[in-house]
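K.L.:
Provide a 3D model corresponding to the input given below.
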Amino acid sequence: MPTFDAIIFDLGSTLIHFDGKWDQVESRADQALAYKLKEFGFEFDWADCLLLFRNKLEKYFEARDRNYIEHTTQVILRDTLTECGYPGVSEQVNRNALKAFYRVSQAHWKPESDAHATLNELKNRGYRLGMISNAADDADVQSLVDQARLRPYFDKILTSAGEGIRKPDERIFNKLLDHWRLAASKVAMVGDMLSADILGARNAGMFAVWIRRHADPEISQRDLQYIQPDAVIDTLSELLDLLQELSGDQK
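P.N.:
I've put the predicted structure just below:
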């Protein structure tokens with residue numbers, strides 16, 4: 001029976017959930033970005049440049065799911081502004097504009113009702129907790145973590161934007177293993193994405209727990225044909241009983 005020393009969590013749709021409609025939120029986020037750039041004095045065809053930004057984002061999202069490399073939204077915005085006639089925009093201006101952009105979506109991310117109780121109990125049982133989030137902007141993830149008051153539970157939080165590597169690439173998982181100086185067999189991964197969280201955990205040699213309460217049914221049905229989790233739960237609170245069963249009540 002496996003006994004784990006540490007648990008790694010995904011963030012979005014695992015510890016927090018999105019309560020908005022993506023297309024509407026994205027439209028408002030684009031407008032917030034435009035307004036902030038106007039405040040900085042940028043003058044160009046806003047409709048064309050916002051469309052260019054969104055098209056670049058979509059191509060970027062497609063590419064990163066193939067090569068598992070994260071170039072970040074900051075790079076995309078910088079390239080967009082260059083093509084719109086503003087090369088060499090400072091990092092501070094870029095970051096302030098993206099802060100306005102992400103503030104719109106951040107308002108729609110809410111902690112799961114059982115997140116705090118589950119994480120608190122895991123800490124009480126002596127588990128070390130880490131987080132790996134696939135995201136195009138590290139600052140956005142850090143804001144979401146603080147907004148949901150999750151930071152005190154975790155001793156290490158990694159993002160693909162911060163590391164330049166996306167799940168399921170095993171290298172990002174190995175960074176946490178190295179941090180803890182633990183073997184993969186002593187760590188479990190909990191996440192909602194079969195193609196990222198579960199496949200990545202399996203690639204790294206970890207026990208993979210799929211939480212499916214927010215998993216997309218169509219994508220999940222497709223991915224289950226070649227990716228199999230070691231365990232399946234529907235809520236975070238179920239993880240406590242699962243770990244107790246697997247450890248033979250040793251925790």
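K.L.:
contact partners of stretch 199-215?
P.N.:
2, 4, 8, 13-14, 17, 132, 167-170, 172-174, 177, 184-185, 187-194, 197-198, 220, 227, 229-236, 239, 242, 246 (CB atoms under 8 Å, 6 or more residues apart in numbering). In short, each C-beta sits where N, CA and C put it, glycine included.
K.L.:
That one: which residues count as buried?
P.N.:
For stretch 199-215, the neighbour count (16 or more other CB atoms under 10 Å) marks 199-204, 206-212, 215 as buried.
K.L.:
just to revisit the earlier point, can you select the buried ones from the contacts of stretch 199-215 in ChimeraX?
P.N.:
To isolate the buried members of the contacts of stretch 199-215 in ChimeraX, using 16+ other CB under 10 Å:
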select :4,8,13,14,17,132,167,168,169,170,172,173,177,184,187,188,189,190,191,192,193,194,197,198,220,227,229,230,231,233,236,239,242,246
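K.L.:
out of the contacts of stretch 199-215, which are inside strands?
P.N.:
8, 17, 132, 187-191, 231-233 (DSSP state E).
K.L.:
Take the residues you listed and write them to JSON lines, including distance to residue 62 and pLDDT.
P.N.:
Formatted as JSON lines, the ones in strands among the contacts of stretch 199-215 follow (distance: CB to CB, whole Å; pLDDT from 0 to 100):
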{"residue": "8", "distance to residue 62": "26", "pLDDT": "98"}
{"residue": "17", "distance to residue 62": "24", "pLDDT": "98"}
{"residue": "132", "distance to residue 62": "21", "pLDDT": "98"}
{"residue": "187", "distance to residue 62": "30", "pLDDT": "98"}
{"residue": "188", "distance to residue 62": "30", "pLDDT": "98"}
{"residue": "189", "distance to residue 62": "25", "pLDDT": "98"}
{"residue": "190", "distance to residue 62": "27", "pLDDT": "98"}
{"residue": "191", "distance to residue 62": "21", "pLDDT": "98"}
{"residue": "231", "distance to residue 62": "31", "pLDDT": "98"}
{"residue": "232", "distance to residue 62": "28", "pLDDT": "98"}
{"residue": "233", "distance to residue 62": "30", "pLDDT": "98"}
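K.L.:
Please identify which pair of these lies farthest apart.
P.N.:
Between any two of the ones in strands among the contacts of stretch 199-215, the greatest separation by CB to CB is 24.4 Å, found for 17 and 187.
K.L.:
So residue 203 lies in a strand, does it not?
P.N.:
No. Using DSSP: H, G, I helix; E, B strand; the rest coil, the secondary structure at residue 203 is helix, not a strand.
K.L.:
mind checking pLDDT for it?
P.N.:
Note for residue 203: predicted pLDDT of 96.
K.L.:
Could you name the helices and strands sitting against the helix or strand where residue 120 lies?
P.N.:
Assessed by DSSP states H and E, residue 120 sits inside helix 115-124. Helix 115-124 is packed against strand 128-133, helix 237-247, with contacts defined by 3 or more CB pairs under 8 Å, 6 or more residues apart in numbering; DSSP states H and E.
K.L.:
strand partners of the shortest one, parallel vs antiparallel please.
P.N.:
Based on DSSP bridges, the strands next to strand 128-133 in the sheet, each with its direction, are strand 6-9 (parallel), strand 156-159 (parallel).
K.L.:
Buried ones in whichever helix or strand comes after the last one, by neighbour count?
P.N.:
What it means is strand 156-159. Sequence-wise, the next helix or strand downstream of strand 156-159 (DSSP H and E) is helix 160-163. By 16+ other CB under 10 Å, the buried positions in helix 160-163 come out as 160-162.
K.L.:
so where's the longest helix in the protein?
P.N.:
Using DSSP state H, we find that the single longest helix of the chain is helix 46-67.
K.L.:
Let me see the mean pLDDT of it.
P.N.:
The pLDDT scores in helix 46-67 average 94.
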